[in-house]
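Asker: quick one, structure for this:
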Amino acid sequence: MKTVLIGVGQAGGKLATEIANFDADMEFGAVTGALAVNSAKTDLRSLPLDTVLVGQDRVNGHGVGGDNELGAEVMQSDKHEVLDALDGRITSEAEA
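Answerer: Below is the predicted model:
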């Protein structure tokens with residue numbers, strides 16, 4: 001199955017990285033693209049994936065501090081940035 005990974009938040013970014021690395025190491029070729037989305041600039045810095053920093057107007061790159069409601073608001077307001085970053089990654093080749 002061909003997949004596009006989207007890691008949201010600190011854990012999501014790390015998980016997407018590990019899955020993409022495993023896929024590359026095993027030479028499965030299942031991961032056709034990967035993207036990490038976060039509101040904390042420091043959480044994105046160490047990731048080898050393409051990244052999108054959201055919520056800059058609300059939290060200035062410092063994250064939402066585990067506030068799920070604020071995180072949802074930030075994602076809702078910056079959804080177009082995330083969708084733009086996915087443009088070209090999700091193709092007919094991707095099944096999931």
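Asker: for the protein, longest helix please?
Answerer: Secondary structure assigned by DSSP state H gives helix 9-26 as the longest helix of the chain.
Asker: sheet partners, orientation included, of the helix or strand just after that helix?
Answerer: Sequence order places strand 31-38 as the next helix or strand after helix 9-26, per DSSP states H and E. If you go by DSSP bridges, strand 31-38 pairs up with strand 3-8 (parallel), strand 50-53 (parallel).
Asker: output stretch 5-13 in PDB with nothing but the alpha carbons.
Answerer: Taking C-alpha atoms only, stretch 5-13 is exported to PDB below (Å, rounded to 0.1, in the frame of the first residue of the first chain):
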ATOM      1  CA  LEU A   5       2.300  10.400   6.200                       C
ATOM      2  CA  ILE A   6       1.100  13.500   8.000                       C
ATOM      3  CA  GLY A   7       2.400  13.800  11.500                       C
ATOM      4  CA  VAL A   8       0.600  16.300  13.700                       C
ATOM      5  CA  GLY A   9       2.100  17.600  16.900                       C
ATOM      6  CA  GLN A  10       5.300  16.500  18.500                       C
ATOM      7  CA  ALA A  11       4.500  12.800  18.800                       C
ATOM      8  CA  GLY A  12       3.000  12.700  15.300                       C
ATOM      9  CA  GLY A  13       6.100  14.200  13.700                       C
END
